[in-house]
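Asks: the sequence and its predicted three-dimensional model are supplied below.
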Amino acid sequence: MDNSVAAAGEPAAQSGFLHLVDHPLIQHKLTKLRDISTSTMKFRQLMREIGFLMAYEATRDQKLEMRRIQTPICEMDAPVLTGKKMCFVSVLRAGEGLLYGLLELVPSARVAHVGLKRNPETLQADEYYFNAPQDMAERCCIVVDPMLATGGSAADAVTAIKQRGARSIKMLAVLAAPEGIEAFHKEHPDVDIFVAAIDEKLNEHGYIVPGLGDAGDRLFGTKVEH
Ligand code: PRP
Ligand code: URA
């Protein structure tokens, strides 16, 4: 692996708020996702699969309670999910690629959408859409966006749902730049981040290096990468 990509257990991933989800299946799929020769159809499939696998890790702290059930053999006390219900928050557009993977794992979750578009000159994100359930304060929210570059979009999405009352929030991204993690954490120190890899840096256009290119364009086939 390129030395510029953080591997499992490196110091950057050990602090409490940052979780590096380094399962081999995710790392393998991420390599295919990065590859410029991966088709739009395959890119979409891989993103959904990574969303599914990362959701497994991001929901690890969900509460359980014991319930009396009857198996075909005898009665027993068995664990079932309890506590707060979930809400997945998709940052448009690229969050949609991960969202349906998470929904495969937790089909009953509610979904919020925050539409954000980064200005290529200023790298600031403009919000063009917001729609969320009324009861965000009662839910465990997982914000999904594959790319945490400057961290501005992710931070704005979290601010938007906090304004709607959300309190229990996690951020799930596939790739992050160190600068983005730092900026996001400064703005939302109460929000844990789950990432599959931490890359080297941002380039002069605000793209993650080595990265995977423009996630939205690759997901929806709206631009050919060069
Ligand atoms: C991309 C990506 C993130 C954002 C990350 O979205 O999907 O939302 O950039 O960059 P940041 O961390 O510097 O804010 P983009 O604004 O290109 O919109 P799109 O998903 O509609 O393509
Ligand atoms: N948005 C993307 O889609 N990719 C990057 O590398 C940075 C921002």
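Replies: Sure, I can see it. Ligands and ions are numbered 1, 2, ... in the order given.

Asks: was I right to think Met171 contacts Ile181?
Replies: No: applying C-beta atoms under 8 Å, one finds Met171 not in contact with Ile181, separated by 9.7 Å. Placement of C-beta: from N, CA and C, glycine included.

Asks: between those two, which contacts overlap?
Replies: With contacts defined as C-beta atoms under 8 Å, 6 or more residues apart in numbering, the residues shared by Met171 and Ile181 are 148, 193.

Asks: for the chain, which residues are neighbours of ligand 1?
Replies: Contact residues, the chain versus ligand 1 (C-beta under 6 Å from any ligand atom): 91-94, 116-118, 123, 125, 145, 147-154, 180, 206, 215-216.

Asks: buried stuff in the longest helix anywhere in the chain?
Replies: Once the chain is assigned using DSSP state H, the helix that runs over the most residues is helix 40-58. By 16 or more other C-beta atoms under 10 Å, the buried positions in helix 40-58 come out as 43-55, 57-58.

Asks: got it, and stretch 149-162?
Replies: Going by neighbour count (16+ other C-beta under 10 Å), the buried part of stretch 149-162 is 149-158, 160-162.

Asks: the residue in the chain positioned nearest to ligand 1: what's it in contact with?
Replies: Ranked by C-beta to the nearest ligand atom, the top residue of the chain for proximity to ligand 1 is Gly216, at 2.4 Å. The neighbours of Gly216, taking C-beta under 8 Å, 6+ apart as the test, are 93-94, 222.

Asks: separate out the buried members of these.
Replies: Burial of the contacts of Gly216 was assessed by neighbour count (16+ other C-beta under 10 Å); the buried members are 93-94.

Asks: with secondary structure and pLDDT added, can I get the contacts of Gly216 in TSV?
Replies: Shown next, in TSV, are the contacts of Gly216 (DSSP: H, G, I helix; E, B strand; the rest coil; pLDDT from 0 to 100):
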residue	secondary structure	pLDDT
Arg93	coil	97
Ala94	coil	98
Thr222	coil	96
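
Asks: which of the contacts of Gly216 lies closest to Thr82?
Replies: Each of the contacts of Gly216 was scored against Thr82 by C-beta to C-beta, and Ala94 proved nearest at 32.4 Å.
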